[in-house]
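# Show me the folded form of this:
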Amino acid sequence: RRPPRSTPSNSSAASDVYKRQGISYRHLLVWSGGRDDVDLTPPHDITGEPIKEHRKKLFAIPELKSLFEKAKEILETHPVNEDRKSAGKSPANSIWLWGQGKAPNMPKYRELFGLEGAVISAVDLLKGIGVYAGLKPLNVPGATGYLDTNYKGKVKAAIDAFKSGSDFVYLHVEAPDEASHEGDLEKKIRAIEDFDKKIVGPILDGLNNFEEARVLLATDHFTPISKKTHESSPVPFVICDLPFSGLGSKGICFCERIARSAGLKFDAAHKLIPVFLEK
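Numbering: from 1, shown residues only. Okay, the predicted model is just below:
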């Protein structure tokens, strides 16, 4: 939520609803002075299920119901949909609102750890969290949040940020999660292999040119192919100091089984970063 913009005194609540365009299917709807008790279902939690009961929660709020209905009218005759129908493709016939919340109040990285840094992601949610944490969002052309994302550009942006004086860079890749939501095993394998080859390898190579550096590799959650949605099981992570000659040269590998055998576990995710940053 943001403070209401200047509007006539007789303006309706609906006039204070506006949007910010994002990437792919993720966009931001801002409801100035709106409600923060809205509980809407993430679409990836109900893939392949009926939406009627979940849509009722949206329709129970007059302003959102009106927005939903107007969007449907626009989409029915939208040129993009007309082209899709002519090509025998399914048209986009509805918007779906989810991921609701309001601006958080959180400490900055410089306050907690004395660090200045940057965030690199095609997902605006991650960029937003980074901004609130005091990190500078770096926009990479061609970053799509999918398998076709600009991996090389993301790596370059991260290394350049360090060269420019950043102490900390958060680099995020969404492709494995997207493949999981689709329930596509082949895409999931490709996404993991691409992450290893096009992100992990080049990042280690790039940081090896610095006098010292430390890398944390972690996932934010599991998204099993079988479920097509998130689950809350503890996720694996690995920390390594650089310069480093590489895992393979020492016969070491990294996987869920190896991570579990290490015996290091945190009962809350935010406790990991202080350990990562320890001298």
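# Low-confidence ranges, the stretch 101-250 of the chain, go.
244-250 (pLDDT under 70).
# Please enumerate the helices of it.
Secondary structure of the stretch 101-250 of the chain, counting by DSSP state H, counting those that start in this stretch: helices at 109-113, 124-132, 151-163, 175-182, 185-195, 201-207.
# Can you list the neighbours in contact with the fifth one?
Contacts of helix 185-195 with the rest of the structure, by Cβ atoms under 8 Å, 6 or more residues apart in numbering, involve 147, 151, 173, 175-176, 178-180, 225. For every residue, glycine as well, the C-beta is placed using N, CA and C.
# Closest to residue 210 out of these?
Closest approach to residue 210 among the contacts of helix 185-195 (Cβ to Cβ): residue 151, at 20.5 Å.
# Just to check, the closest one is in contact with residue 196?
No - applying Cβ atoms under 8 Å as the test, residue 151 and residue 196 come out as separate, 10.7 Å apart.
# ok, these two, which is more surrounded?
residue 151 (20 against 12; other Cβ atoms under 10 Å).
# Now for the more buried one: which residues touch it?
Contacts of residue 151 (Cβ under 8 Å, 6+ apart): 173, 194, 198-199, 202.
# Near residue 65, how many other residues are there?
13.
# Please apply the same query to residue 47.
Neighbourhood size, residue 47 [other Cβ under 10 Å]: 12.
# In terms of helix, strand or coil, where does it fall?
Secondary structure for residue 47, judged by DSSP: H, G, I helix; E, B strand; the rest coil, is coil.
# tell me the contacts of it?
With Cβ under 8 Å, 6+ apart, residue 47 has these contacts: 181, 183, 228-229.
# one more time with 6 Å
Neighbour list for residue 47: residue 228 [criterion: Cβ atoms under 6 Å, 6 or more residues apart in numbering].
# Look through the chain and tell me its longest helix.
helix 62-76 (DSSP state H).
# State the distance from residue 68 to residue 31.
Distance, residue 68 to residue 31, using Cβ to Cβ, to the nearest Å: 13 Å.
# Please identify which of these two sits among more neighbours.
residue 31 (23 against 17).
# the strands in this protein, which residues?
Applying DSSP state E to the chain gives strands spanning 17-20, 28-31, 117-120, 136-137, 168-171, 213-218, 237-242.
# before we move on, back to that, in the longest helix of the chain, what counts as buried?
Going by neighbour count (16 or more other Cβ atoms under 10 Å), the buried part of helix 62-76 is 63-64, 67-68, 71.
# Can you say which two of these are spatially most distant?
63 and 71 (12.7 Å).
# hmm, back to that, just give me the closest of the contacts of residue 151 to residue 163.
residue 202 (14.6 Å).
# For the closest one, give me its contacts.
Counted by Cβ under 6 Å, 6+ apart, residue 202 has contacts residue 155.
# What is the end-to-end distance of stretch 197-209?
18 Å (Cα to Cα, to the nearest Å).
# which of the residues in that stretch are buried?
Buried residues in stretch 197-209 (16+ other Cβ under 10 Å): 198-200, 202-204, 206-207.
# ok, so of those, who is nearest residue 234?
residue 200 (20.8 Å).
# ok, for that closest one, nearest residue in space, not its chain neighbours?
Nearest residue to residue 200, sequence neighbours excluded (Cβ to Cβ, 6 or more residues apart in numbering): residue 217, at 6.7 Å.
# How much space separates that neighbour from residue 96?
32 Å.
# Also residue 110?
Taken as Cβ to Cβ, the span from residue 110 to residue 96 is 37 Å.
# Check the gap between residue 22 and residue 35 for me.
Distance from residue 22 to residue 35, by Cβ to Cβ: 22 Å.
# quick one on the thing from earlier: adding distance to residue 138, write the buried residues of stretch 197-209 out as JSON lines.
JSON lines is the format used below for the buried residues of stretch 197-209 (distance: Cβ to Cβ, whole Å):
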{"residue": "198", "distance to residue 138": "17"}
{"residue": "199", "distance to residue 138": "15"}
{"residue": "200", "distance to residue 138": "19"}
{"residue": "202", "distance to residue 138": "16"}
{"residue": "203", "distance to residue 138": "14"}
{"residue": "204", "distance to residue 138": "20"}
{"residue": "206", "distance to residue 138": "15"}
{"residue": "207", "distance to residue 138": "16"}
